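S.K.: Please work out how this folds:
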Amino acid sequence: MKSNRYTLLLVLFVGLFLTSCYDKDNTIHRLPDLQITNISVGSVKTGDELNLHPIGMLGGEEVECTYQWYRYHGNEPELIYEGQDLVWRVDTTDFVNIGLDVTHVETGIMISEVYNFKITPRIERGWIVLKENAEGNTDMDAFLMTGNDVMELAENLLAEPLEGKPVALLEAGKYYWYHPITLVREERLECLLPVSEKSIGWYRIKDEVMMLSGDDMFYEPSPVATRKFEASGAFGSTIAIALVDNGRVSRTLASYSGSRFMPEIVGNYKLAPWLITGVSMNLLVGYDELTSSFVMVGDDALSYFPNTYREGDDVQISSNGMDADLLFFGQTHGNLDPNYSSYPAYGPGIGYALMRKKGNTEQVELYGLNFREATSYGTIYSPIRFHRTIEVSACPEFASADFYTLHQDKKILYFVKDNVLHYYDIENDRFVKDCHVFDGEVTFLKFVGNNYDLSDSWDAIQYNYTFNRLMAATCSGEDYSVYTFEENDNGNLVLRPERTLEGRGKVKKMLWYGYNPTGFLSKLPSNIYIYN
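M.R.: Residues are numbered from 1 along each chain as shown. As a prediction, this is how the structure comes out:
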């Protein structure tokens, strides 16, 4: 929209006035209004450039004018440019008012108008890439959806890269932030949480600004020289965050979703670099390497599962004192408790832990953990509901893989060893080897299922944005390539070369940032990304 502030007629000289307004018979003729044309208003994306080329028109003809541009802060104008063509990068959120004064050089007629531009986030739907740059620090790229299957690369989103190699990338959709000057709390901000070995930050999506980072993220920051962030996880309906630093864990408070981490949880423990959560869980599950035990990460303490079992369970194994090293800990949808049916079809989630008993080089152990035992519902038992011993000789690559990831909806564990992709079918206890050989060094492997990118009403375009994909990234020299595999009707992986994404750096983490509908399906990142 636009609004006239005022239209001012300046009479510079009496002779000019008489010449302009009277003919030989002293008949008064009204001067035509000065008009501004060639400007359209509407929505612009964060980070885009406004390129405005106004034309001053008098009596239907283009005339010579001077131009002054203003950016409004409330009711206060700020002069930002003098000249006809304005090129201005959008650096605000929600909306911006741009004022323009146009003065006709010959007559001095001036007109002032204000144009309102609605600001929409540039990062609205697409892949966010956490990468290691050439200096060994952490930056982000985004492949933004600009049309049906059309991606546009936005490189190096962080104005100041985070120190150290990339570790984790989370979406925190309900972040509460206190403005450092006004002290007013801003609620439910859509943020990304990039984590490097040495730093962490809140990155607000709508204006692509790092709101808080580094030591300001902590009440008691650890020394940078010895700091080594290893894992991070989000959980709970208010998105609380936990962070592992050299095996020690600190977290934000779920009740406030505060901007800073509390002091580390005290105790004699050392967490492995995996934190995972199940659907509807209000805490995270990790693995204590000192006691070889699975633990629940609470607000201010770690708690261990009791050595109690349900009567009639086929598997009765303690999750404490397991005397084993953790090779991989991940999760998938599903349910290991067929007698409990109140959850939706995808179930409360299953955690799978691949482990090797200390001193045993011939076998590995695969455990399935029931996440319902880590919630406040009902009695808490030992969470292990599945166990299988697997001979290393059956697939040596399985016990020493470089990367693992679980299918989101099926009991399939994908893994890469020496740039070769394989998978293990847990349901049928079988290996499928040599699925694909990659060029370059594999740096990332992740299965991502997005079945929630829908509005409350049927929309065929939005439906096309749902998918189940295995994503793998490689690095050759200074460049990366991200490959997409999709399942055919037979359930076999098929490489989709037309979906390959390319950029500079080394990919460490990726996530799909989805559409934000309203109502029941409103943004379910906990279902897309319960996989931390």
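
S.K.: ranges for the helices of the chain?
M.R.: Counting by DSSP state H, the chain has helices at residues 14-21, 396-399, 460-464, 525-528.

S.K.: Pass me the low-pLDDT residue ranges in the stretch 351-500 of the chain, would you?
M.R.: 375-379, 451-464 (pLDDT under 70).

S.K.: For it, which segments are assigned as strands?
M.R.: 363-370, 384-391, 403-406, 412-417, 420-425, 430-437, 441-450, 467-476, 479-487, 493-495 (DSSP state E, counting those that start in this stretch).

S.K.: quick one: which of those is nearest Asn320?
M.R.: strand 384-391 (10.4 Å; Cβ to Cβ). Any C-beta I mention is one placed from the backbone N, CA and C, and that applies to glycine too.

S.K.: Tell me the buried residues in the closest one?
M.R.: Buried residues in strand 384-391, counted by 16 or more other Cβ atoms under 10 Å: Ile384, Arg385, Phe386, Ile390.

S.K.: Counting by contacts, list what that strand packs against.
M.R.: strand 363-370 (3 or more Cβ pairs under 8 Å, 6 or more residues apart in numbering; DSSP states H and E).

S.K.: partners of the strand it packs on in the sheet?
M.R.: strand 350-357 (antiparallel), strand 384-391 (antiparallel) (DSSP bridges).

S.K.: Could the C-alpha coordinates of it be exported in CSV?
M.R.: Extracted C-alpha coordinates of strand 363-370, given in CSV (Å, rounded to 0.1, in the frame of the first residue of the first chain):
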residue,chain,number,x,y,z
GLN,A,363,30.5,-60.0,17.4
VAL,A,364,28.5,-56.9,17.7
GLU,A,365,25.2,-56.4,19.6
LEU,A,366,22.1,-54.6,18.4
TYR,A,367,19.7,-53.4,21.0
GLY,A,368,16.3,-51.9,20.6
LEU,A,369,15.1,-49.5,23.2
ASN,A,370,11.4,-48.7,23.9
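
S.K.: if I pick the closest residue to Gly59 other than its chain neighbours, what's in contact with it?
M.R.: Leaving aside its sequence neighbours, Gly59 sits nearest to Pro32 (Cβ to Cβ, 6 or more residues apart in numbering; 3.9 Å). Neighbouring residues of Pro32 by Cβ atoms under 8 Å, 6 or more residues apart in numbering: Leu58, Gly59, Gly60.

S.K.: Tell me, how many residues neighbour the last one?
M.R.: Number of residues near Gly60 (other Cβ atoms under 10 Å) recorded here: 7.

S.K.: Please apply the same query to the one 10 residues further on.
M.R.: Taking other Cβ under 10 Å as the criterion, the count of residues near Tyr70 is 18.

S.K.: Next: Asn490.
M.R.: Neighbours of Asn490 (other Cβ under 10 Å): 6.

S.K.: pLDDT and distance to Asp337 for the contacts of Pro32 - can I get that in CSV?
M.R.: Shown next, in CSV, are the contacts of Pro32 (pLDDT from 0 to 100; distance: Cβ to Cβ, whole Å):
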residue, pLDDT, distance to Asp337
Leu58, 91, 79
Gly59, 87, 81
Gly60, 88, 78
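
S.K.: Closest to Met110 out of the residues you listed?
M.R.: Nearest to Met110 among those, with distances taken as Cβ to Cβ, is Leu58, at 11.8 Å.

S.K.: Was I right to think that closest one contacts Glu64?
M.R.: No: using Cβ atoms under 8 Å, Leu58 is not in contact with Glu64; the gap is 9.7 Å.

S.K.: As TSV, the buried residues of strand 384-391 with distance to Trp88 would be great.
M.R.: Listed next are the buried residues of strand 384-391 as TSV, based on distance: Cβ to Cβ, whole Å:
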residue	distance to Trp88
Ile384	59
Arg385	59
Phe386	59
Ile390	61
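
S.K.: out of the residues you listed, what pair is the most spread apart?
M.R.: Comparing every pair within those by Cβ to Cβ identifies Arg385 and Ile390 as the most remote, at 17.4 Å.

S.K.: and this protein, what are its domains?
M.R.: Domain segmentation of the chain under automatic domain parsing yields 2-120, 123-158+440-532, 162-264.

S.K.: Pipe these into JSON lines and attach distance to Ile276 per row.
M.R.: Compiled in JSON lines, these are given as follows (distance: least, Cβ to Cβ, whole Å):
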{"stretch": "domain 2-120", "distance to Ile276": "32"}
{"stretch": "domain 123-158+440-532", "distance to Ile276": "6"}
{"stretch": "domain 162-264", "distance to Ile276": "7"}
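
S.K.: Which of these sits closest to Asp314?
M.R.: Here domain 123-158+440-532 is closest among these (Cβ to Cβ), at 25.8 Å.

S.K.: List the residues that contact the closest residue to Asn51 other than its chain neighbours.
M.R.: Residue nearest to Asn51 in three dimensions, not counting chain neighbours: Val87, with 5.6 Å by Cβ to Cβ, 6+ apart. Applying Cβ under 8 Å, 6+ apart, we find Val87 in contact with Glu49, Leu50, Asn51.

S.K.: what's the pLDDT at the last one?
M.R.: To tie it back to what came earlier, the one meant is Asn51. pLDDT recorded at Asn51 is 91.

S.K.: And it, how far from Gln84?
M.R.: Distance, Asn51 to Gln84, using Cβ to Cβ, to the nearest Å: 12 Å.

S.K.: just the first one next, same as before
M.R.: Summarising the geometry, the distance separating Glu49 from Gln84, computed by Cβ to Cβ, is 16 Å.

S.K.: surely Asn268 meets Leu290?
M.R.: Yes: judged on Cβ under 8 Å, Asn268 makes contact with Leu290 at a distance of 6.5 Å.

S.K.: ok, these two, which is more surrounded?
M.R.: Ranked by neighbour count (other Cβ under 10 Å), Asn268 and Leu290 place Leu290 first, with 11 against 7.

S.K.: My read is that the more buried one contacts Ala272, right?
M.R.: No: taking contacts as Cβ under 8 Å, Leu290 lies outside contact range of Ala272: 10.3 Å.

S.K.: re earlier: comparing Leu58 and Glu64, which residue is more hemmed in?
M.R.: Leu58 (18 against 10).

S.K.: quick one, what contacts that one?
M.R.: Pro32, Asp33, Leu34, Gln35, His104, Thr107, Ile109 are the contacts of Leu58 under Cβ under 8 Å, 6+ apart.
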